[in-house]
Every structure is written in C-alpha cells, then in structure tokens.
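Asks: Got a predicted model here, sequence first, then my questions.
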Amino acid sequence: MGLPEIAWRIGQNVRIQLERAGIGLASRTPQPTGRAGCAWLAKLPAGFDSAPYISAAERILSGRFDVFAMRDVFLGFPPQWNRDPRTGIEAPLVLGKTLDYRVESIVGDIKYLWEPNRHLELVALAQAFHLSGEQRYIKGVQRLLESWFENCPYPLGPNWTSSLENAIRLVNWSFTWHLIGGENSPLFLSPEGQVFKQRWLASIYQHMHFILGQLSFFSSANNHLLGEYMGLFIGSVTWPLWKECQAWSECAKNGLEQEALKQNASDGVNREQATWYHHEVADMILLCGLFGRANGIMFSSAYWGLLTSMLEYIASIMDVAGHVPMIGDADDAVMARLSQESGFNVYRSLLATGAVLFNREEFKTKAGRFDDKSRWLLGDSAAQKFGELPVAWGNLPVRRAFPDGGYYVLGSKYETEDEVRIVADVGPLGYLSIAAHGHADALSFTLSVKGVELLVDPGTYSYHNKNGWRDYFRGTSAHNTLVVDSANQSEIGGTFLWVRHARGRLVDAGTGPEGEQWVTGVHDGYMRLGVSHTRRIELSARGDVVTVSDEIAGNGEHELAIYFHFAPDIELTPGPQPDSWQAAKTGSRIRVLLEVDETWLWETVRGSESPKLGWYSASLGVKVPVFTLRGSRRVQLPVQVDTRIVVQ
C-alpha cells in the first residue's frame, strides 16, 4: 500500500468520524426540480410471453425469493431487509460505514443479506405491470419500497455500507421507475402517491450522494469502482432533478470511460481473470451505454469497441453447446434480472444483444436465439433485426489468441457435433495488488468434446472461508495444473487478497505444417521454492490427441502432483492399459482415454473433505462431488512428465 492510498484511507476514516457526528451527510435532501430522464429505450417492448413474468411477480407477492442457491425461499412480503436469510442473523442499525460487514457474528453472510436488497424483484413486479396492467403489481413495488425506506434509514445498517450495493439498487430502481410509467406512473397520481414519490426521490438523492463519497479507489479499484460509476451515472441521468446531477453524470461518465479501458485488456479480457466478472463488467458497460445514448450522452468509440472485444472473447471460449469455462471467482450476481426465461444463459444473452448492436453475425451464431433480456434492452424491432442476420459458422471462433489477457483457444471442427475445444490459461493471477477474484490456476486448461465439458474449472462455492472451502476452490490443487510441495502457486493473504502473485507468461503458440496446434507457457509461482514450471499443450492435426508436457526445472527433491478435474456427469474408471484412465459421459458414447506416466502414483478422488479434493461448484453455495485424477511423485529435479488425452 503506497503513501497516496494510505492518505486516502486516512481521509476516509476522517470522513466517517465527521459523519458519525452528523457532518457531511445528505440528511436534508434538496427539493427535486425539472423532469426525469428518458428510459434506455424510446418504446418499451411488449412482445413477450407474459406468463413467466406474471408467475415471478406472484411468487414475490407471496413472499418467495431466490437468494443464490436458496431457491424459492420464503422471506415474507416484505422481507426483513436487515436479516441474513441464510444464517438468520439480523445486523444492527448503526452507522453503516462503521459496521464491519465481514464479521459473520455481527451481520451473518453479507452476500446473502445484500442480495434481496439489490431489489431485482422490483423489476420483476414492474415487468408484470408493464405486460399486464394489473395495479397490484405496482402496489407491490410501493409496499416493498416503503418497507425498505422504513427499515433501512439513511445512513444506518448493513445496506448503507457498500457503494456498489447502492449502485446496483439504483440501477434496478431505474428500470422499475420506467417500467411502471416513470413520472406519469399511476402510483404517483394521488396525494398519497405524491408523498411516496417524494420519499423515493429523497432516497435516490441519498444513494447518489453516498456513492460519490465512498468510491473504491486504489487497491480496491476493480469492478466495484466500475459498478459504482454505473449506479451514479444511471441514477443521475434517470433523475437529473438536482443541481449536482450534471456534475455527477460527467464524473461518472469519465470514470466509466477510464475504468472500462483500464480494467480490461486490449484484447477484451477482463483483468480480474474471472469469467463471471467479465460478464458483469460487460453488462455494466452495456447498460451505461444504452442509458447514455437514450439521454443524449454518447460514449466514445473506444468504449463501444472494448465491449465488442469483450463479446468476442466470450464467443471464442464458449463451446458448441454454450458452455463457458468458470475461470476465477463467480458470485452469480446480475445487475438487473430482466429475463425470467427457463434456461437463461447470461453469456449467450450478451452475444444476442451484441449481434444486433454491432451487426455481428458471429455473435448471432453463438447466441443461437434472441432472448428476452435482449428484447427488454433493445426493443421488439431488434428481434427482427437479429433474425435477418446471417449465420457465420465458418468465421468461428472469432479469435484464438488473447495474448494480453493470457488465454488461448485450441481446437478442431469448431461448432460441429465433433468439436474439440481447449481453453488454456497462461495469464496473470488477477487485477491490481490484491487480485481479489483471481484463482491460483496458472497453466491450467479446460477441455470440451462434442459440446460436453470433460476437464473443468471447479468454480467458487463460497466467498467466506468457513472450514477452508474458499481457499480450496481458489487454490492450485482445485485446477487442472501442477502443484509443487503441496503449495499454492500464489500465496493467500485473506479472503479477497493474494500477497504473492504467480506470473504466467507465454513462451510460444502456433500451428504446425500438418495442422497441429500448441501453446507453451511458464509461470514463476514456485520460484520461491527454487522451482520453475513450464507446460506445453498440443492438439494433434486430426484433433483427436491432446498432449500435456510438463517440465519442472530446479534443484533438489520435491513432491509434485498433477490434477485433472472432471465435470459432474463424467465417470472415471481404469482404462484398458495399466497406466490409463477412461473418462466417459454417463449414458453416452463421449469418452476420452488418459494415458499417464507409469513412474507416477495415480489415484482417483471424489468428494473428499479431508483433504479437500474432488468438488465442483456450478453456483454460489452449491458443491457436488466429481472425479479428480491425481498423479504424484517425489522426484529429483529437473524432470518432465507427459500425459496424453485421446479422444475416442
């Protein structure tokens, strides 16, 4: 931590002490004047099957919510806003900025507490009203908001601790505002409705004031800062009703432009090195661009060009069946839950939206269809434009090399029923000094065959390190790479902190005269042990053999271990030869044969808790046992070990 950051943090603490004394708070909200801004779209769409939206709204009115892995859980209507639904702990109503939300005994699991307070459910109620005209849905909006104002008074409690949470709440309030009719909403027609409107606007002002006073700078300037600018921007253009709003929108726009280009590599890879956060950041950039355009505020061509590159990355690493490797952290968060479709895919949705926005037939091909979220964002006419775009199977993948982000795609017969796709990681740990959402996965890779995931990244499972699960899922042994002396490549310093970063580097990548492809990378994570790890991944010209060659250089004797983690529906059994293992998808003909080095000790592990090994987490709070193949050997360095994966 440098002197500027130390000075900034001291300033923040001084600000908190002043606010504790009532100085610097937005307790007296200026009277709003003028007219609200425009919706993200001039004509809001209506061409939906309304049934999923009506069903979602009815479920919310009955008090049932989705909170990560807790699906359709009864929280009441309205819920207890300051109570963590997972642990049942209710956080105190003290000055929010003094509340340590990282301590579970005080607030419970803060991720679970915050999730209902993002007010995604308000949008669902507003969508149901927009599609049906039923007044009780907007009455539900009013009841939830009035309850929230009463139970979460500014600036007290867990919902006034995080600028990012305030920002996402503002985004959902903006969608809700426009979907219920904006300034002309039936909610505001009566004298009582006007009182409610003024109370809502007062809270909106307080939200923007709060965000501006607690932006995440320096080592915390990751997706949180971008999200905070998003909330400030969308809030100030939706409700430009106070004299500060022009300055706020300009500050937010400039911040969005700068941070979008800073937090994403030149090739479009988000520097958090986490696929889900890549999606979240792309969504932030998209939403701000749409709201800005609708209100006459234009972002630069570089800003839109970056979003295009981010979508190219998604299209390139997505296999033929729509699977995207779960690299790095994932918290399942969305900025606004616009689609209630069954089987909704956030990545394909971004590509469908991008296909229309940027006239990209490759994005349409990968998206497959025009989803509801894209229709909500772009309008009914966009569905026709999507349909008119040609398909582009021959132009995929869009790119195979992302040298700045550190990812490389190898494969054959792309976008066919015989596709083989490898995504190899030779990139950095994560973003900035804390690398908060990176995993210790240098030189790891994933493998998909015929649209079936075989070798996978294990996911995240938890953002709290109770019983060590947080550290396991982001540790090196949970990834398809090599471990030296049972140590992580990078050193963990805290739940969202790495104190020593492994640096991955490309050695070479290319295609040979016969059509064989390869990528070679090296990382320095074990140099503290006097060990260097270099890995070459090669795909044969026919696309039927993957050869993984690991060179471990150094001196002395070390314990080495190689891990291969398989998807949940993959069975792993001994192969036909003594030193082979067969991996097959249950109930299908899709199978690969792993031919391993006979001098190593090989074992299969599935769902072990001591030591932790053989787990997969598709979403936050959920883990399932999977087969993991572990090869180990204590050996005098240097040494090389080769593994062949034969597609049968």
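Replies: Received it, and whenever you're ready, just let me know what you need.

Asks: Output the longest helix belonging to the protein.
Replies: Scanning the chain for the longest helix, with DSSP state H as the assignment, gives helix 191-213.

Asks: The helix or strand that comes right after that one - contacts with which helices or strands?
Replies: Following helix 191-213 in sequence order, the next helix or strand is helix 223-238 (DSSP states H and E). Contacts defined by 3 or more CB pairs under 8 Å, 6 or more residues apart in numbering; DSSP states H and E place helix 223-238 against helix 163-179, helix 191-213, helix 245-262, helix 275-294. Placement of C-beta: from N, CA and C, glycine included.

Asks: Look up the closest residue to K585, ignoring the ones flanking it.
Replies: Using CB to CB, 6 or more residues apart in numbering and skipping the chain neighbours, the partner closest in space to K585 is V452 (5.2 Å).

Asks: Columns mean neighbour count, distance to Y154 and mean pLDDT on top of the helices and strands packed on helix 223-238, output as a markdown table?
Replies: Output for these, formatted as a markdown table (neighbours: other CB atoms under 10 Å; distance: least, CB to CB, whole Å; pLDDT from 0 to 100):
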| stretch | mean neighbour count | distance to Y154 | mean pLDDT |
| --- | --- | --- | --- |
| helix 163-179 | 25 | 10 | 98 |
| helix 191-213 | 18 | 4 | 97 |
| helix 245-262 | 18 | 17 | 98 |
| helix 275-294 | 23 | 24 | 98 |
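
Asks: Which of these sits closest to G387?
Replies: helix 275-294 (20.9 Å; CB to CB).

Asks: and the angle for the closest one with helix 223-238?
Replies: Relative orientation of helix 275-294 and helix 223-238, computed by axes from the mean of the first three to the mean of the last three CA atoms, to 10 degrees: 20 degrees.

Asks: Just the C-alphas of helix 275-294, formatted as CSV.
Replies: The C-alpha coordinates for helix 275-294 follow below in CSV (Å, rounded to 0.1, in the frame of the first residue of the first chain):
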residue,chain,number,x,y,z
THR,A,275,-15.2,-15.2,-16.4
TRP,A,276,-18.4,-14.3,-14.4
TYR,A,277,-16.9,-10.9,-13.6
HIS,A,278,-16.1,-10.5,-17.3
HIS,A,279,-19.8,-10.9,-17.9
GLU,A,280,-20.8,-8.5,-15.1
VAL,A,281,-18.4,-5.8,-16.3
ALA,A,282,-19.6,-6.2,-19.9
ASP,A,283,-23.2,-5.8,-18.6
MET,A,284,-22.2,-2.6,-16.7
ILE,A,285,-20.6,-1.1,-19.9
LEU,A,286,-23.6,-2.1,-21.9
LEU,A,287,-26.3,-0.7,-19.6
CYS,A,288,-24.5,2.6,-19.2
GLY,A,289,-24.1,2.9,-22.9
LEU,A,290,-27.8,2.3,-23.5
PHE,A,291,-28.9,4.8,-20.8
GLY,A,292,-26.4,7.3,-22.0
ARG,A,293,-27.4,7.1,-25.7
ALA,A,294,-31.1,7.4,-24.8
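
Asks: ok, A247 - contacts?
Replies: Not one residue lies near A247 by CB atoms under 8 Å, 6 or more residues apart in numbering.

Asks: quick one: it and A487, what's the gap?
Replies: 50 Å (CB to CB, to the nearest Å).

Asks: From Y414, how far off is the closest residue to L593 other than its chain neighbours?
Replies: What sits nearest to L593 in space, not counting adjacent residues and going by CB to CB, 6+ apart, is V646, at 4.4 Å. Computed as CB to CB, the V646 to Y414 distance reads 20 Å.

Asks: Who has more neighbours out of those two?
Replies: The neighbour comparison of V646 against Y414 (other CB atoms under 10 Å) goes to Y414, with 20 against 17.

Asks: residues near the closest residue to that one other than its chain neighbours, how many?
Replies: Once flanking residues are discounted, Y414 sits nearest to L396: 5.5 Å by CB to CB, 6+ apart. Here the number of neighbours of L396 (other CB under 10 Å) works out to 17.

Asks: can you pull the contacts of L396?
Replies: Contacts of L396 (CB under 8 Å, 6+ apart): 315-316, 362, 365-366, 414-415.

Asks: so when I look at P45, I'm seeing a strand, right?
Replies: No - applying DSSP: H, G, I helix; E, B strand; the rest coil, one finds P45 to be coil, outside a strand.

Asks: who are the neighbours in contact with the closest residue to it other than its chain neighbours?
Replies: Of all residues not flanking P45 in the chain, D380 sits nearest, at 4.5 Å (CB to CB, 6+ apart). Contacts for D380 (CB under 8 Å, 6+ apart) come out as 43, 45-47.

Asks: Distance-wise, check the residue nearest to K585 relative to G322.
Replies: Counting by CB to CB, the gap from V452 to G322 is 12 Å.

Asks: ditto for G305
Replies: From G305 to G322 the distance is 25 Å (CB to CB).

Asks: and D550, what helix or strand is that in?
Replies: Counting by DSSP H and E, D550 is found in strand 545-554.

Asks: contact partners of that strand?
Replies: 420, 422, 445, 447, 482, 484, 526, 529-540, 558, 560, 562, 637-647.

Asks: Select only the buried ones of the residues you listed in PyMOL?
Replies: Selection of buried members from those for PyMOL, criterion 16 or more other CB atoms under 10 Å:
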select buried, resi 420+422+445+447+482+484+526+531+532+533+534+535+536+537+538+539+540+558+560+562+637+639+641+643+644+645+646+647
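
Asks: Okay, and which of the contacts of strand 545-554 map to helices?
Replies: Among the contacts of strand 545-554, no member lies in helices (by DSSP H).

Asks: Filter the contacts of strand 545-554 down to just the ones in strands.
Replies: Judged by DSSP state E, the contacts of strand 545-554 include 420, 422, 445, 447, 482, 484, 531-539, 558, 560, 562, 639-647 as members of strands.

Asks: Kindly confirm whether my reading is correct that L95 touches P158.
Replies: No - with contact defined as CB atoms under 8 Å, L95 does not reach P158; the gap is 11.3 Å.

Asks: the more surrounded of the two?
Replies: P158 (27 against 15).

Asks: list the contacts for that one?
Replies: Counting by CB under 8 Å, 6+ apart, P158 has contacts 82, 91, 96, 99, 101, 107, 110, 113-114.

Asks: how about a markdown table for these, with distance to D331 and secondary structure added?
Replies: Compiled in a markdown table, the contacts of P158 are given as follows (distance: CB to CB, whole Å; DSSP: H, G, I helix; E, B strand; the rest coil):
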| residue | distance to D331 | secondary structure |
| --- | --- | --- |
| N82 | 21 | coil |
| A91 | 19 | coil |
| G96 | 21 | helix |
| L99 | 20 | coil |
| Y101 | 15 | coil |
| V107 | 17 | helix |
| I110 | 12 | helix |
| L113 | 14 | helix |
| W114 | 10 | helix |
